[in-house]
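give me a model of this one.
(2 chains)
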Protein chains: 2
Amino acid sequence: MLLKIAVVGATGAVGKEALALLEKRALPIDTLRCFASARSAGKGLLFRGEEIGVEMLDARSFEGSDVVLFCAGSQVSKEWVSIALKPGARVVDCSSYFRMDPNVPLIIPEINGHVLNVEHRLIASPNCSTTIMLMALAPLHRAARIKRVVVATYQAASGAGAQAMKELQEETLCFLGGESYERSVMPFPYAFNLFTHNSHFHENGYAEEELKMLYETQKILDDPTIQVHATCVRVPVLRAHSEALNVTFEREMRVEEAYAILKEAPGVALLENRTQNRFPMPLDAMEQEAIYCGRIRKDPSHPNTLDLWVVGDQLLKGAALNAIQIIEQLSLLISRGCKLTG
Amino acid sequence: MLLKIAVVGATGAVGKEALALLEKRALPIDTLRCFASARSAGKGLLFRGEEIGVEMLDARSFEGSDVVLFCAGSQVSKEWVSIALKPGARVVDCSSYFRMDPNVPLIIPEINGHVLNVEHRLIASPNCSTTIMLMALAPLHRAARIKRVVVATYQAASGAGAQAMKELQEETLCFLGGESYERSVMPFPYAFNLFTHNSHFHENGYAEEELKMLYETQKILDDPTIQVHATCVRVPVLRAHSEALNVTFEREMRVEEAYAILKEAPGVALLENRTQNRFPMPLDAMEQEAIYCGRIRKDPSHPNTLDLWVVGDQLLKGAALNAIQIIEQLSLLISRGCKLTG
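Numbering: from 1, shown residues only, chains lettered A, B, ... in the order given. A predicted model of the protein is given here:
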């Protein structure tokens, strides 16, 4: 079955990666429509050798679409997802807007893809830091139940969009040239600097990003008791997030056991060479589909506790790739459903 | 009493800061001699309006010195500290070589300056990440005893020396220009990248820097039971280290109590504005003497646990300033001792 797909936010950092993945992966596509804001409307995007015009959204944009992928922000999803669902399209939403809605499955296919069924019309793709962390933690959780995670993140510019990536580079160039720079995306100087994640800051002392890591983890692992205590930090890196994880299990998890589990985990690649102090770095993960993991070590300061270090491309598995994998799984469910009813 | 001071490694990143501090602070100086490697010998350094020639070390270099400050690496301290001690100089050593020697006090004046007495000939100044962390933790430890710290660091280039700071900037410029760059200091690409701290990597899975944070903390706080579990990471920042601390106390430490204690703590400055998501950043701490602290929040995932965020200039309180403060305290002890015996 060939799919009619629409991508909203097609010219953004995540949208561009989504189109590149749709082009190179095996998903059977009938037609592709691309939507973006007024700034990009009218431009042409090349897809499988053909130019596709970028359109602005209107009330009839989604008629005839099988699947609509939302890669724009929460406000766009809030406004347009219900309009996309009405004529019968399925929606995969990369924004945070519907993630905690109990009626909306929040899916990382390798982890809880089994939750999806052909009746689901709206599926949310999780927060990037959460996805990158859980790709390594979910297989370990299955083996020995995780009670608590203390995580410090080292998050790239890409999480704030293509403009933030550009701004980091321009600001850094100005800094090196001794020139001043007028920022428009990031709230604080970013060249050779770092700061608390620039999401909404709550009165309880948490950044929104930190709470996402807690609540989305509980939902994806279907375990309201698991604790994730995060400190989220934006560092001057372009497009891969790194995370230092301190993980307490219900029973002892030996270092060798953790390595053995992660060696077999889908979408996870181990990368380390202790004699050379060589572990995953953002530049390793950049433009790669796998989540890189290493530095698994026993934490002797607390029972049943291990450390892990994970790095993943924020735009790929952290966003676009995960969403495309959800569409691929939907496509299989739909074609199986057609066979059953046919 | 006027001191005859010698600085070894005077042209390095820490040495330069030490000279600037000696120039601007009130320490009574009779003469200053500057030593460095062959590469810098013969150069002149300006100090209080006079040019001081940079000398190479030889067996008689330290004759007549009251205090010798070692700001070069461990190998230089290993070779030359005993030679400096022999003619009667006191030595303050910034390297790690003597820090864990039970006969050598390891001093952060605000924390354990009371340990120093006039008999001490050799005093070690701690690791930068340890000092920056303990400036905030020691006052809290005194109030409610800390059992365990889980810390993730965001460490600047300066910890690897002036050449590393230069390399980070040059490599970044090349990266932005699309040119390749030949590194000579750092083991891995550093422009818009990060990696596990480039200290010796132990078979147990720890970088040397991480073990320093544990053992030096136990020695400075005189508490062999306190646990520090660190993940040390080098980030593309020039000269201030940041650290995310998750701290478990023996009793409940309320957030308000922690703020009240740190507000009064010498050498610590609170910096935060929650409504603006504004907390300490490396650029705030750069070239500042205080350690900046903020983001104190309750960790609901574990009893008696708080988070803190600390940032400090690696070259100042992390190295040169702490050493100069030790010399200032020594100077007071010596002059008091002279009065007593005089």
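
test my guess that residue A:218 contacts residue A:226.
Yes. Counting by Cβ atoms under 8 Å, residue A:218 does reach residue A:226; the two are 5.8 Å apart. In this view, the C-beta of every residue, glycine as well, is placed from N, C-alpha and C.

looking at the two, which one has more neighbours?
In terms of neighbours (other Cβ atoms under 10 Å in any protein chain shown), residue A:226 is the more surrounded of residue A:218 and residue A:226; the figures are 19 against 16.

which residues touch the more buried one?
If a contact means Cβ atoms under 8 Å, 6 or more residues apart in numbering or on different chains, then residue A:226 has A:141, A:146-149, A:217-218 as its contacts.

show me the helices in chain A, by range?
Assigned helices in chain A, in chain order: A:13-24, A:74-85, A:109-112, A:128-144, A:162-176, A:208-220, A:255-264, A:282-285, A:321-341 (criterion: DSSP state H).

in chain A, where is pLDDT below threshold?
Applying pLDDT under 70 to chain A picks out residues A:338-342.

number of residues surrounding the closest residue to residue A:290 other than its chain neighbours?
For residue A:290, the nearest residue in space outside its immediate sequence neighbours is residue A:269; the separation is 4.0 Å by Cβ to Cβ, 6 or more residues apart in numbering or on different chains. When neighbours are defined as other Cβ under 10 Å, residue A:269 has 19 of them.

look up how far chain B lies from residue A:269.
With distances taken as Cβ to the nearest Cβ, to the nearest Å, residue A:269 is found 17 Å from chain B.

ok, residue A:76 - contacts?
Shown here is residue A:76, whose contacts under the criterion Cβ under 8 Å, 6+ apart are A:8-9, A:70, A:95.

which one of those sits closest to chain B?
Nearest to chain B out of those is residue A:95 (Cβ to the nearest Cβ; 20.3 Å).

residue A:301 is in contact with residue B:218, isn't it?
No. Using Cβ under 8 Å, residue A:301 makes no contact with residue B:218, being 11.7 Å away.

quick one: residues in contact with stretch A:132-140.
Applying Cβ under 8 Å, 6+ apart, the contact partners of stretch A:132-140 are A:108, A:110-111, A:126, A:146, A:149, A:151, A:213, A:217, A:220-221, A:228, A:241, A:243, A:245, A:247, A:249, A:253, A:258, A:261-262, A:264-265, A:267-268, A:291, A:293, A:308, A:310-312, A:314, A:317-318.

dump the contacts of residue A:76 to TSV, plus neighbour count.
Output for the contacts of residue A:76, formatted as TSV (neighbours: other Cβ atoms under 10 Å in any protein chain shown):
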residue	neighbour count
A:8	29
A:9	26
A:70	29
A:95	22
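
and of those, the nearest to residue A:17?
The shortest distance between residue A:17 and any of the contacts of residue A:76, using Cβ to Cβ, involves residue A:9 and amounts to 11.1 Å.

now the closest one: closest residue in space that isn't a chain neighbour?
For residue A:9, the closest residue by Cβ to Cβ, 6+ apart turns out to be residue A:72, at 3.3 Å.

any idea how far the one you found is from residue A:315?
Using Cβ to Cβ, to the nearest Å, we find residue A:72 at a distance of 14 Å from residue A:315.

ok, the two, which is more surrounded?
residue A:315 (28 against 25).

residue A:212 against residue A:106, yeah?
No. Taking contact to mean Cβ under 8 Å, the distance of 10.5 Å between residue A:212 and residue A:106 leaves them out of contact.

overlap in contacts, the two.
Residues touching both residue A:212 and residue A:106 by Cβ under 8 Å, 6+ apart: A:99, A:126.

can you give me the neighbour number for the spatially closest residue to residue A:141 that is not a sequence neighbour?
Counting by Cβ to Cβ, 6+ apart, residue A:221 is the residue found nearest to residue A:141 once chain neighbours are left out, at 5.9 Å. Look at residue A:221: counted by other Cβ under 10 Å, it has 21 neighbours.

alright, that wraps it up for me.
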